[in-house]
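Q: can you look at this prediction? I've put the sequence above it.
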Amino acid sequence: MFFPAAFAAEAAESGSGQEASHVGSPVVDSPLRYDISVHIDPVERTLRGRSVITANTREELTLVIGRRFEVLKARVDDEQIGSSATVGAMRAWRIPGEEKLPRRIEIEWRGELSPLDTSLDHRQTLGQNEPVSGESGTFLPDSSGWYPYLAGELASYDLSMELPAGQRGLVAGRLMEESESSQGYRARFEFPAPTGGIDLMAGPYIVETRTIRSAGGKPIVLRTYFHREVADLAGEYLDSVKGYIDLYESWIGAYPFTEFSIVSSPTPTGFGMPTLTYLGLEVLRLPFIRATSLGHEVLHNWWGNGVYPDYAKGNWSEGLTTFMADYAYKERESDAAAREMRQGWLRDFAALSPSQYAPLTSFTSRTHGASQIVGYNKAAMVFLMLRDLLGRETFDRALQAFWREQRFRVASWEDLQRAFEAASGRNLHAFFDQWLTRPGAPAVRLTEAVRVKAEGENRHVSVTLEQTEPAYRLRVPIAVRTQQGEEIRTVDLENTRQVFSIETDALPLEVILDPDLRLFRHLMPQEATPILRQVMVNKTTVTVLLPESGPVRDAAEVLVTKLQHRAPKLIPGTDNMPAAPALVIGLQDQVDAWLARHELRRPEDIKGKGSAQAWTTRLPDGTTLAVVSARDIESLAALTRPLPHYGRQSYVVFEGAKAVSKGTWPTRPQAVKLD
Ligand SMILES: [Zn+2]
């Protein structure tokens, strides 16, 4: 087994990307160290390196390097290394266990790097796993095997790099030395804690530096490594990073590193690693990046790169980071903004097919939309429910203790559970067990609510809740609208059917189930309006392409591939309406004819508007139909780039590639009026 480690890598644009794969379960406090020196020439696209690995372990080890590299020398304790095996794009050596310590492995290697292709999108950049180089940028992802490493092991490192004059480069860690002459640029970095892998970045960077003080008084050096095109953004990025470090130091504990850098990438990507984030030039220019993704990446220095998730047991770090970054910023904005985010999570979940309901314990990293909906959003909501259960103060205290105890260690969901149990004095087994190991979500229904007519008073309601088998143990928020306002109660639902008696302060008029959407559950059809994402992520979706041939057909095929990221399941336009979510794409007349044949109509709100329209409809059998209709081939082709970003909408109207109108169809909560 090989565990090419890579750090949390993130799509900076929400929902549009994937994370590099995290595999394996590295050991704690690995007594391993790499001393690496590399020389990189971005013009020639060559790399030459030497590494000395010191291993204070008697275990058998596996040494790995990318096959594209030529190994010039490889010795283990001054003996020639044995023969290698080929595993995919890697070459591997088994190094038998040894009693005498420390063991010393020395390797020299060289090789050619792939040309940098700036036309790649984020997904392609991540999926490539190739070391790339060019004058405008070099990116050597850990997963490419650009340096020799011990598979599945954490290690500290010391790395020196040499680059031509005018270039700057970095890896995660502390910048120890730096010099530049006409001969070139040299820098040495040290990463003293055991860590999972090394990504190297270089480019014609302009570096801005600012030193701040951490909560404990130690200096933290903030830097931007920016291309000239975005150099003017350096000041505001440094300000934002300082703000985030202050926020999380006071919330969790001291920042665990000595620096943080923001590095621009010539490809449209977004990654987070310890001590730095690597963001595409275009991405850096987007105004919302500083307000959201940057904070998320800074927080990963605590969750993910400060405490390492135990991937074999489920990656908790994305959910916790989403909860304390993306979601926390919405809570600071307003109650309405936070509710909207929760609603988005639940709607996205409702868009999945049951085969995509993986349990949280099986989430390792984001590879497609469905795993993000579970691994990020469901997990974030589990933390929200936990905070609702324990209270904010206890919740935060547990996280602070977890941080103190687990810093630079591999920790699992069980370790988190223990921290929350210790802080609260409660047994949380049932809570963690059901939310982590059960796939899917509970479906809770408000089936009955009646006013209890007691002598002389009318302030009791009897509320019946039902859920499917096997029952979850849930705290269900119930709102009772009364003559004087709204009263919120929380009831403990543990059976498939339960009747609760609720006393109110004033005459009750209406009962509403979880109106704030604080419970992770399946939304009922009227609570979850159909959204476009359903036909993008739901794997059972069938697609009808109305143009039968020619360039219009080609444009429709490109669009569906961009929307679904998989080979679409095509059915002919003459078929009956399928009993699965369906996507129909065509030109206006074709769409009108198809709709007429199925006795459907365009929604009144968007009829006749724009050069193209996309909308959803819930069919009588409960399935979702999404329709994309364009005036002509140009209008259809113009949707390829923008439409995949509107998955959260029920409808979008385009003028060319610009969305001129969008929205979600109205929802209705589960409610019963009392008479
Ligand atoms: Zn993340």
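A: On my side now, so go ahead. This is a predicted model, so every value here is computed, not measured.
Q: pLDDT at whatever residue of the stretch 351-500 of the chain ends up closest to the ion, what is it?
A: Going by CB to the ion, the ion is nearest to residue 376 of the stretch 351-500 of the chain, at 7.3 Å. Bear in mind the C-beta positions are built from the backbone N, C-alpha and C, glycine included. We have a pLDDT of 88 for residue 376.
Q: now the terminal residues of stretch 507-526, how far apart.
A: 27 Å (CA to CA, to the nearest Å).
Q: likewise for stretch 72-85?
A: Using CA to CA, one end of stretch 72-85 lies 17 Å from the other.
Q: any idea of the mean pLDDT in stretch 190-198?
A: Per-residue scores along stretch 190-198 average to 88.
Q: distance between that stretch and the chain's centre?
A: Remark: stretch 190-198 is offset 23 Å from the chain centroid, using CA atoms, centre = their mean, to the nearest Å.
Q: which ones are touching residue 209?
A: 221, 222, 223 (CB atoms under 8 Å, 6 or more residues apart in numbering).
Q: who's it bridged to?
A: Beta-bridge partners recorded for residue 209 (DSSP bridges): residue 223.
Q: hmm, who's touching whatever helix or strand residue 284 lives in?
A: Taking DSSP states H and E as the criterion, residue 284 maps to helix 281-285. Residues from elsewhere that reach helix 281-285, judged by CB under 8 Å, 6+ apart: 12-13, 226-227, 229-230, 233, 237, 262, 264-266, 268-270, 289, 293.
Q: the helix or strand following that helix packs against which elements?
A: Next along the chain after helix 281-285, taking DSSP H and E as the criterion, comes helix 287-291. On a contact count with 3 or more CB pairs under 8 Å, 6 or more residues apart in numbering; DSSP states H and E, helix 287-291 meets helix 234-251.
Q: average pLDDT for the helix it packs on?
A: Averaging pLDDT along helix 234-251 gives 97.
Q: just stretch 392-407 next, same as before
A: Mean per-residue pLDDT for stretch 392-407: 97.
Q: tell me how far it lies from the chain's centre.
A: Put simply, stretch 392-407 sits 23 Å off its chain's centre (CA atoms, centre = their mean).
Q: any idea which helix or strand carries the closest residue to residue 40 other than its chain neighbours?
A: Using CB to CB, 6 or more residues apart in numbering and skipping the chain neighbours, the partner closest in space to residue 40 is residue 47 (5.2 Å). Under the criterion of DSSP H and E, residue 47 resides in strand 46-55.
Q: name the next helix or strand downstream of that strand, please.
A: Downstream of strand 46-55, the next assigned helix or strand under DSSP H and E is strand 61-66.
Q: and after that following strand, which helix or strand comes next?
A: Downstream of strand 61-66, the next assigned helix or strand under DSSP H and E is strand 70-76.
Q: that following strand pairs with which strands, and in what direction?
A: By DSSP bridges, strand 70-76 pairs with strand 79-80 (antiparallel), strand 103-112 (antiparallel).
Q: and those, which one averages the lowest pLDDT?
A: strand 79-80 (a mean of 90).
Q: what's the burial count for the residue of the stretch 351-500 of the chain closest to the ion?
A: Neighbours of residue 376 under the rule other CB atoms under 10 Å: 26.
Q: before we move on, the earlier item: could I have the helix holding residue 284 exported to PDB, CA atoms only?
A: Provided in PDB are the C-alpha atoms of helix 281-285 (Å, rounded to 0.1, in the frame of the first residue of the first chain):
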ATOM      1  CA  LEU A 281      -4.100  34.800  -9.900                       C
ATOM      2  CA  GLU A 282      -7.800  35.000 -11.000                       C
ATOM      3  CA  VAL A 283      -9.000  33.600  -7.700                       C
ATOM      4  CA  LEU A 284      -7.000  36.200  -5.700                       C
ATOM      5  CA  ARG A 285      -8.800  38.900  -7.600                       C
END
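Q: and that helix, how far from the chain's centre?
A: The answer for helix 281-285 is 19 Å, by CA atoms, centre = their mean.
Q: next, the buried residues of that helix.
A: Using 16 or more other CB atoms under 10 Å as the test for burial, helix 281-285 gives 281, 282, 283, 284.
Q: ends of stretch 536-548, what's the gap?
A: One end of stretch 536-548 to the other measures 22 Å (CA to CA).
Q: return the closest of the contacts of residue 209 with respect to the ion.
A: The nearest member of those to the ion, counting by CB to the ion, is residue 222 at 20.0 Å.
Q: okay, now the closest one: neighbour count?
A: Counted with other CB under 10 Å, the neighbours of residue 222 add up to 21.
Q: pretty sure it contacts residue 211?
A: Yes. Using CB atoms under 8 Å, residue 222 is in contact with residue 211, at 7.4 Å.
Q: closest residue of the stretch 451-600 of the chain to the ion?
A: Counting by CB to the ion, the stretch 451-600 of the chain gets nearest the ion through residue 537, at 18.9 Å.
Q: what's the local residue count around that residue?
A: When neighbours are counted by other CB under 10 Å, residue 537 registers 25.
Q: give me the pLDDT for it.
A: 86.
Q: and for the one 5 residues further on?
A: If you check residue 542, the pLDDT there is 93.
Q: same check, this time on residue 11
A: With respect to pLDDT, residue 11 scores 34.
Q: thinking again about what came up before, closest one of the contacts of residue 209 to residue 108?
A: Using CB to CB, residue 223 comes nearest to residue 108 of those, at 30.8 Å.
Q: ok, that closest one - contacts?
A: By CB under 8 Å, 6+ apart, the residues touching residue 223 are 207, 208, 209, 210, 259, 260, 261, 262.
Q: many thanks, we can stop here.
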